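A.B. asks: model the structure of this input:
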Amino acid sequence: MTLLSSSAPNGRHAVGAETADDNGELSEYNPLDYRNLTRNIVQELMTRGPYTLPLQDRFPGAGVYALFYLGDFPPYRDIRSPDVSQPIYVGKAVPEGARKGQRSGARAAGRELHTRIGQHVGSIRDAENLRIEDFLCRFLVVTPLWIIMAERFLIEHYRPIWNVCLEGFGLHNPGSGRHQGEIAWWDALHPGRPWAARLRQTRTATQAEHRLARFLGSQEVAEQMTLWDIQALDELSKT
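C.D. replies: Numbers count the residues shown, from 1 in each chain. This next block holds a predicted model:
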């Protein structure tokens, strides 16, 4: 499935939509612009799959991925995506050692992308009110140079609720003796991860549902999400 139309579900522009400058005129298209190159990666991602979870075949490489919800969990009735076009969560997996310049190609890495998606399968299975059968996935092995930019574009474009509203899905067990932090919004709404139960229970499922309802009801809040916010979320989710 490609996103080449001028509109997308929930009033969002499709990935391939034309853009205008501050004067409302169509902007000049530069195919080598970072944003346009990143948009091409996202378009390619949305043609892959969708795949059921857990993934049946192992594969090498790093890259980006998107998860889609098709179930009937009541708070998600407005964001479920039977046509697999609006992700509930997007993420990345970078090659081990990439930040130190030890790896230069996605396929020179291990199985980071497959492993990361597998970790999410575990989190969904741990949740008391989610079923892995209600999720589909798209993923794309990407040259490491573009992985972070592609993830940021995905978050900025789709604003998936598990990225920008109910944060915490991508977190790991902080480890022994490091459970002084407060429970994440995702775990408040989806209890079940054993390590999350040892965190300070400062948020409730009811509060999480109210937070989600306010987010979905306020496009203005969503539109004010800046790249600085994306970078802050990226730092929070680093392993």
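
A.B. asks: okay but L130 is in contact with G71, surely?
C.D. replies: Yes: the pair L130 / G71 is scored as a contact, 7.2 Å apart, by Cβ atoms under 8 Å. C-beta here means a position set from N, CA and C on the backbone, and glycine is covered the same way.

A.B. asks: for the nearest residue to P75 once chain neighbours are set aside, give its distance to A150.
C.D. replies: Closest residue in space to P75, ignoring its immediate chain neighbours: E209 at 5.1 Å, by Cβ to Cβ, 6 or more residues apart in numbering. From E209 over to A150 the distance is 31 Å, taken as Cβ to Cβ, to the nearest Å.

A.B. asks: the two: who's more crowded?
C.D. replies: Applying other Cβ atoms under 10 Å to E209 and A150 shows that A150 carries more neighbours, namely 25 against 15.

A.B. asks: which SS class is the more buried one?
C.D. replies: helix (DSSP: H, G, I helix; E, B strand; the rest coil).

A.B. asks: contact partners of stretch 207-218?
C.D. replies: Residues outside stretch 207-218 that contact it (Cβ atoms under 8 Å, 6 or more residues apart in numbering): P75, D78, I79, I161, V164, C165, L166, W185, A188, L189, V221, A222.

A.B. asks: kindly recompute the last result at 6 Å.
C.D. replies: P75, D78, C165, W185, A188, L189 (Cβ atoms under 6 Å, 6 or more residues apart in numbering).

A.B. asks: most widely separated two among those?
C.D. replies: The largest separation in those, counting by Cβ to Cβ, is between D78 and A188 at 19.2 Å.

A.B. asks: the two - which one has more neighbours?
C.D. replies: A188 (23 against 11).

A.B. asks: the more buried one - that's part of a helix, no?
C.D. replies: Yes: under three-state DSSP, A188 falls within a helix.

A.B. asks: can you tell me how far it is from H210?
C.D. replies: 11 Å.

A.B. asks: just for this protein, where's the confidence low?
C.D. replies: The model of the chain has pLDDT under 70 over residues 1-27, 29-32, 34, 97-109, 175-180, 219-239.
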